[in-house]
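> need a structure here:
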Amino acid sequence: MDDGGLLEFDMPEDLPLFNADPGLLERALANLVATALRYSPAAPPPTLAARSVRPPAQIEVLAHGPGVPHAHLPPLVAPLPPPGCS
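Prediction:
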């Protein structure tokens, strides 16, 4: 498995706008997508999907691989540090 690859998108054209911290949303999605690409086979590619639900939106990264090895889970599920902190 490698870090590069394709990503499919499944988002309706009429997805409503919603309030979110753009920086935190970008960081969270980038981490989820990178992990999905790293631990998924090339086919079928992972999918970034969004739906209009209540609250206003649901965003998912769907991967089709065997999953992340158990030993690699702790850092992946740890909360993200605030922007600017290492």
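> longest helix of this protein?
helix 22-39 (DSSP state H).
> I'd like the next helix or strand past that one.
Once the chain leaves helix 22-39, the next helix or strand it forms, by DSSP states H and E, is strand 47-51.
> low-confidence ranges in this structure?
Residue ranges of the chain with pLDDT under 70: 1-5, 76-77, 80-86.
> if you take the average position of it, which residue is closest to it?
Nearest residue to the geometric centre of the chain (Cα atoms, centre = their mean): residue 32, 3.2 Å.
> That one is in contact with residue 68, isn't it?
No. Between residue 32 and residue 68 there is no contact under Cβ atoms under 8 Å: 11.1 Å. C-betas here are computed from N, CA, C, even on glycine.
> ok so, going back, identify the residues contacting the residue nearest to the centre of the chain.
Residue 32 makes contacts with residue 61, as judged by Cβ atoms under 8 Å, 6 or more residues apart in numbering.
> Over to residue 66?
Residue 66 is in contact with residue 39, counting by Cβ under 8 Å, 6+ apart.
> How about residue 74?
So residue 74 contacts nothing (Cβ under 8 Å, 6+ apart).
> Residue 16 too?
52, 56, 57.
> For those, pick the one with the most neighbours.
residue 57 (16 neighbours; other Cβ atoms under 10 Å).
> Quick check: phi and psi at that residue.
Per-residue torsions, residue 57: phi -150, psi 150 (degrees, to the nearest 10).
> which non-adjacent residue is nearest it?
In space, residue 57 comes closest to residue 18 once its chain neighbours are excluded; the distance is 4.7 Å by Cβ to Cβ, 6 or more residues apart in numbering.
> The one you found - how many residues pack around it?
Neighbour tally, residue 18, other Cβ under 10 Å: 12.
> I figured it hits residue 56, correct?
Yes. With contact defined as Cβ under 8 Å, residue 18 counts as touching residue 56 (4.0 Å).
> Is there a neighbour count for residue 36? I'd like the number.
Neighbours around residue 36, by other Cβ under 10 Å: 21.
> before we move on, what about the one 5 residues further on?
By other Cβ under 10 Å, 13 other residues sit near residue 41.
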